[in-house]
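Engineer: One predicted model, sequence on top.
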Amino acid sequence: MPASESESNIPDGFIQVNDHPTELWSKAAFEHVERLQKEEEKRDPDAHGLYIYNDYFGYACCDLLKKEMLAIGKLVASKNEKLSLSTFHRLEALTLYMCNSGAADAFPTIDDPELAEAVYDAFGALWMTYLLELEAGAKPHKLGPARPIAARNLENVVRTSAKVITQYSGLGFDKSAEDLQSAMLRVLERNDMDGTVKEKLFLGKSADSEEEEEEEEEELPKKKKKSRQSADDDDVKDAAKEWKASKAMKTLREVAGPIEHGGRPWDITKWSKAALEKEKARFGGEDDEDDFF
C-alpha cells in the first residue's frame, strides 16, 4: 500500500505526532518510552490486581524516574557521551514520558516533598545543563539541528521540554518552572530558533473529540494575548547556576525515600509467589502487621 502524502514527508527514523509537521519525534526515543512504560506497569499494583497503600505507585514511580534520571545524568556529565545522538534520544524520551505517563502524574503526589522536589529539579536541571552543553559544543557556530549533533527535531524537543516543566507550577516546588522555561527558550532564540512558548505539549489534532478541539481553537486567541516576560542572557546564566545537573543528580542520589514495601522491590514482577499471595490476601481484607502508610 503506497504511503500517503503526509507519511511520505516524514523523515526516516521519525514519527509524526498528531499529523503536525513540527511534531517529529524519533523512533529511538519511542523505544526508550516503551521501555519506561513497561517498567512503570511492573510497579503498578492495579496492573497486578493488588491494593497496597495509596502512595505505593507514586513512590515506585519515583524509584523508576530516579534510576532513569541518574543514568541520563551520567551521560550528560560524560565527555565522550554528552554530545552523542544517543544521549539526546534519552533526554527526548524522558520528555515524551513526562508528557504522558502515570509516573509523571504520580510523583508529585507522594507524601515526601523532598523526594518529589528532587525528581522535579532533576528533570529541569538535566535539560538546562544539557542544552548549554549542546550550545557550547556547536561553537564557533550557532546551535542548530545539525550542530553539534544531527538532531533535526531539536527545536521542538527543547520547546516541549520547557513546556513540560510548567506542568508542575503551583505545586509548591521551590524553583520557578516559568523562569526555567524562559531561560531554555532564550537559548533557542539566541541561536536563531523558535523560542516561543508552545500552546500545548503536542500541536495538531489529537484523538480527542471534535468538541474539545473546537474549545481549544476558541481559547487559542486568548492565550496568544498573554505576554511572556522574555529572559535575557543574564537570566540564562542564573538558570544555569540554579538548575545545575551535577548538583541535582547529587541531591537525587542522596535523597531518602521510604523503605521498599516489606523489603520487596518496587518492581512487583520480582516478588515471590508467596509474597503476591500474601498481598492479595491483605487486599481481601486480612490485616498484616507489616502494613504501613
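Structural biologist: Yep, it's here.

Engineer: helix or strand for R35, which one?
Structural biologist: Using DSSP states H and E, R35 sits in helix 27-42.

Engineer: Remind me what that helix packs against, helices and strands.
Structural biologist: strand 14-16, helix 56-77, helix 85-99, helix 102-106 (3 or more Cβ pairs under 8 Å, 6 or more residues apart in numbering; DSSP states H and E). No exception for glycine: its C-beta is placed from N, CA and C like everyone else's.

Engineer: Now mean pLDDT, mean neighbour count and distance to D234 too, for the ones you listed, in a markdown table please.
Structural biologist: Formatted as a markdown table, the helices and strands packed on helix 27-42 follow (pLDDT from 0 to 100; neighbours: other Cβ atoms under 10 Å; distance: least, Cβ to Cβ, whole Å):
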| stretch | mean pLDDT | mean neighbour count | distance to D234 |
| --- | --- | --- | --- |
| strand 14-16 | 96 | 15 | 36 |
| helix 56-77 | 96 | 21 | 24 |
| helix 85-99 | 98 | 21 | 25 |
| helix 102-106 | 97 | 20 | 31 |
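
Engineer: which stretch among these comes nearest Q181?
Structural biologist: Closest to Q181 of those is helix 85-99 (Cβ to Cβ; 12.9 Å).

Engineer: hmm, who's touching that closest one?
Structural biologist: With contacts defined as Cβ atoms under 8 Å, 6 or more residues apart in numbering, helix 85-99 is touched by 25-26, 28-33, 36-37, 68-69, 71-72, 75-76, 81, 103-104, 123, 126-127, 130, 149-151, 153-154, 157, 160-161, 164, 167, 201-202.

Engineer: Are any of these buried, and if so which?
Structural biologist: 25-26, 28-30, 32-33, 36, 68-69, 72, 75-76, 103-104, 123, 126-127, 130, 149, 151, 153-154, 157, 160-161, 164, 167, 201-202 (16 or more other Cβ atoms under 10 Å).

Engineer: Extract the residue ranges of the protein that are flagged as low pLDDT.
Structural biologist: Applying pLDDT under 70 to the chain flags residues 1-8, 206-229, 259-261, 283-293.
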